[in-house]
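Visitor: Just need the structure, nothing else, for what follows:
(4 chains)
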Number of protein chains: 2
Amino acid sequence: MTRPAASSPYATTQAAGRAALRRTLLDTASALLERHGPESLTMRRIAVDAGCSTSVLYTMFGGKAGIAEALWREGFDRLSGALAQAAGPDPLERLAAMGRAYRANALANRSYYAVMFQRPIPGFEPSPEAYEASLQPLRALADTVAECIRAGVFRAEDPTHIAGVLWAATHGAVSLELAGYEGAVDAEHRFDDLIAAAAAWFMTPDRHPSAP
Amino acid sequence: MTRPAASSPYATTQAAGRAALRRTLLDTASALLERHGPESLTMRRIAVDAGCSTSVLYTMFGGKAGIAEALWREGFDRLSGALAQAAGPDPLERLAAMGRAYRANALANRSYYAVMFQRPIPGFEPSPEAYEASLQPLRALADTVAECIRAGVFRAEDPTHIAGVLWAATHGAVSLELAGYEGAVDAEHRFDDLIAAAAAWFMTPDRHPSAP
DNA sequence: TTAGATGGATAACGATGTCATAGCATGGCT
DNA sequence: AGCCATGCTATGACATCGTTATCCATCTAA
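Guide: Predicted coordinates for the structure are as follows:
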């Protein structure tokens, strides 16, 4: 194999071209996913919309599972970005903003949320690396939790554990809301209550809010 | 149409036979679902395993979505049954037992849980009646919550709302556990903590547990 | 006993994921 | 300059899926 040095200008532009192609294909797949739902995410349809043949999809992504994984990562990237933009004057406010950002992101990217937490694409199981990358939002949450502990708002427990509980609360409320299992309750009210409950559970006694 | 009176012995036995057939087909579909996952739930495969043709499945269930809906209802029936068996000396203990039963049922029926809350079967959307039936577990939860309110353990809020929050908490923790988003946390610990947090949130001040 | 109907088996149709083959361009060598 | 090797892509085929049209057996009703 006469392969040039990895950092040669030639290899660089070639890699850039491939990355651009990949980006374009993912964009059309993403548009398909968001506009017509996971059902319409078909190899042939992606190829037609992108203006190429299905072979390209297989050489670039290895198959439909590869595309699903790429979209999966993109969904978690969007989630991480949404969480990173959450701001507030103190750690607890920031944590609350992250919760609201989680819900807003899920509602604004329903199809992505489905790819991430439901499994609408048959035969797709995230790879270990993708799974590892998906824990980034949890780490962001844990960092803010740690700040809350340092600020004396939360008890000194394992921040990752607390973040996991908060994530489970957020995810549960959002998941039920997206699935439509409303019962008679207001989804937003349920969300706010559950998040407040989970946060209050870890607060130090003097910070603990009195029940409304 | 020469259809006999609805209550004739002929019609009765015929209906019984049809019900038995339907039960058998659902059992094979259920076995397939639990043993080989939702991917293997194929019209042809069900027909082969049951020893019949695919036509029967279409005349009896109308299509794959019909089978999915039947399994969906069965999943919620199992959940309702598990919740109904939860017992305890007082309402709060009963509520805690229901939470544990929910998790145990989900872990013991992962494939059913997937059918209920993920959407692994393309083109299946629960009908309004099936959706209505799926709210039974929520009602059972709300009943026990109402008992807790009467017992003075919970504040006097809308029992359905409280039940919804508890359900979201339970579902969130179980959902993350089944999806494998563990991070570094122990799933059972996370579950217990979140349920305790959600329950404590609604307790009257004098019943409120001090943080451990 | 026979006409009619009911329901299940067979096979076909369109669509899907996947892959083998072949065409084609590009780049390097003589 | 001409020719070959190499990698990429388009085409078409294959297996499988959900679904349905057609045909045939069986069974009831007269």
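
Visitor: gap between A:K64 and chain B?
Guide: Distance of A:K64 to chain B, given as CB to the nearest CB, to the nearest Å: 13 Å. Placement of C-beta: from N, CA and C, glycine included.

Visitor: Tell me which residue in chain A sits closest to DNA strand D.
Guide: A:S53 (2.7 Å; CB to the nearest atom of the strand).

Visitor: so that residue sits right up against A:R44, yeah?
Guide: No. Look at A:S53 against A:R44 with CB atoms under 8 Å: they stay out of range, at 9.5 Å.

Visitor: Might you report the residue contacts of A:E157?
Guide: A:I149, A:F202 (CB atoms under 8 Å, 6 or more residues apart in numbering or on different chains).

Visitor: In chain A, which residue is most central in space?
Guide: In chain A, the residue lying closest to the centroid (CA atoms, centre = their mean) is A:F76, at 2.6 Å.

Visitor: okay, that residue: pLDDT?
Guide: On pLDDT, A:F76 comes in at 96.

Visitor: Please point out which parts of whichever helix in chain A runs longest sit buried.
Guide: Across chain A, the helix with the greatest residue count (assigned by DSSP state H) is helix A:9-36. Residues A:L25, A:L26, A:T28, A:A29, A:S30, A:L32, A:L33 are the ones in helix A:9-36 that count as buried (16 or more other CB atoms under 10 Å in any protein chain shown).

Visitor: Could you dump the residues you listed into JSON lines and include pLDDT and distance to DNA strand D?
Guide: Shown next, in JSON lines, are these (pLDDT from 0 to 100; distance: CB to the nearest atom of the strand, whole Å):
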{"residue": "A:L25", "pLDDT": "95", "distance to DNA strand D": "10"}
{"residue": "A:L26", "pLDDT": "95", "distance to DNA strand D": "15"}
{"residue": "A:T28", "pLDDT": "96", "distance to DNA strand D": "13"}
{"residue": "A:A29", "pLDDT": "96", "distance to DNA strand D": "15"}
{"residue": "A:S30", "pLDDT": "95", "distance to DNA strand D": "19"}
{"residue": "A:L32", "pLDDT": "96", "distance to DNA strand D": "17"}
{"residue": "A:L33", "pLDDT": "94", "distance to DNA strand D": "21"}
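
Visitor: near DNA strand C, anything from the following helix or strand past the longest helix of chain A?
Guide: Next helix or strand after helix A:9-36 toward the C-terminus (DSSP states H and E): helix A:43-50. Yes. With CB under 7 Å from any atom of the strand as the criterion, DNA strand C is reached by helix A:43-50 at A:M43, A:R44, A:R45.

Visitor: The residues you listed, buried ones only, as a ChimeraX selection?
Guide: Here is the ChimeraX command that selects the buried residues among these (16+ other CB under 10 Å):
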select /A:43
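
Visitor: in chain A, which segments are predicted with low confidence?
Guide: Applying pLDDT under 70 to chain A flags the ranges A:1-11, A:183-184, A:210-212.

Visitor: okay, now whichever residue of it sits closest to chain B: neighbour count?
Guide: Proximity to chain B, evaluated over chain A using CB to the nearest CB, is greatest for A:G172 at 2.0 Å. Close neighbours of A:G172, defined as other CB atoms under 10 Å in any protein chain shown, add up to 28.
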